[in-house]
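> With the input below, show me the fold.
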Amino acid sequence: MKIGPKYKIARKLGAPVFEKTQTQKFALSEAKKTRRFTKRRKQITDYGLRLKEKQKGRYSYALSEKVFGRMVRDAMKQKTKKVPDALFESLESRLDSVITRSGFGPTRFFCRQLISHGHILVNDKKMTISSYKVKKGDVIKIKPKSLEKGLFRDEDEDMAMSTDVSWLKVDPLKKTVTFKGAPVRDEVDLFFDINSVLEFYSR
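Below is the predicted model:
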């Protein structure tokens with residue numbers, strides 16, 4: 001998926017939806033901008049607010065409108081779980097989400113390249129599909145031959161500093177990640193309101 005200028009998009013949405021905007025410098029620039037334009041800002045309609053949250057959601061996971069919309073509608077059809085939880089699980093169970101959160105690479109796009117170029121194994125089998133749904137008990141790791149490349153020189157440190165969530169067991173030494181179970185929405189600070197996203201698609 002091709003995305004335009006990330007700083008411009010993040011500023012427009014008012015949220016650091018890309019890794020490169022999740023810095024102190026970006027936060028300070030946004031704070032200054034907010035103080036400067038608070039009085040001039042136009043009132044946003046309810047539809048506009050929901051549209052904005054939807055855009056934050058799909059950019060956070062770097063998904064196209066078509067893919068993100070399909071995932072939302074699939075979550076709304078299921079009967080066994082609360083819809084917000086079902087959508088979160090679907091988003092976080094994607095292979096690219098798992099290896100991004102595990103620290104395999106600095107950005108989601110980098111991690112997608114690792115997958116598409118054949119560097120990632122799921123249960124010792126090469127997986128080149130970023131949208132692959134990881135299941136409980138799956139073990140994800142970097143292909144042994146790929147580890148010999150300088151591309152993964154700082155992998156230990158990145159994985160050690162990865163987000164600590166209950167559904168992932170990260171082993172920086174073995175460079176493996178085990179998917180322990182269903183992702184838990186309360187353990188992650190999202191950059192968007194998931195309920196507003198569902199309201200947008202329910203209209």
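> count of neighbours near Ile194?
19 (other CB atoms under 10 Å). Quick note: C-beta positions are derived from backbone N, CA and C, even for glycine.
> How many residues are close by the closest residue to Ser146 other than its chain neighbours?
Leaving aside its sequence neighbours, Ser146 sits nearest to His119 (CB to CB, 6 or more residues apart in numbering; 4.2 Å). Counted with other CB under 10 Å, the neighbours of His119 add up to 24.
> Could you pull up phi and psi at the residue lying closest to Gln78 once chain neighbours are set aside?
Spatial nearest neighbour of Gln78, chain neighbours left out: Ala86 (5.1 Å); criterion: CB to CB, 6+ apart. The phi/psi pair for Ala86 (degrees, to the nearest 10) reads phi -60, psi -40.
> circling back: could you measure from the residue nearest to Ser146 over to Lys125?
13 Å (CB to CB, to the nearest Å).
> Mutual contacts of those two, please.
By CB atoms under 8 Å, 6 or more residues apart in numbering, His119 and Lys125 have no common neighbours.
> quick one: pLDDT of the residue nearest to the spatial centre of the chain?
Note on the chain: the residue nearest the mean C-alpha position is Tyr61, at 3.8 Å, using CA atoms, centre = their mean. If you check Tyr61, the pLDDT there is 95.
> which ones are touching it?
Phe68, Leu91, Arg94, Ser97, Arg108.
> how about 6 Å then?
Leu91 (CB atoms under 6 Å, 6 or more residues apart in numbering).
> about what we covered before: the residue nearest to Gln78 and Thr176: what is the separation?
27 Å.
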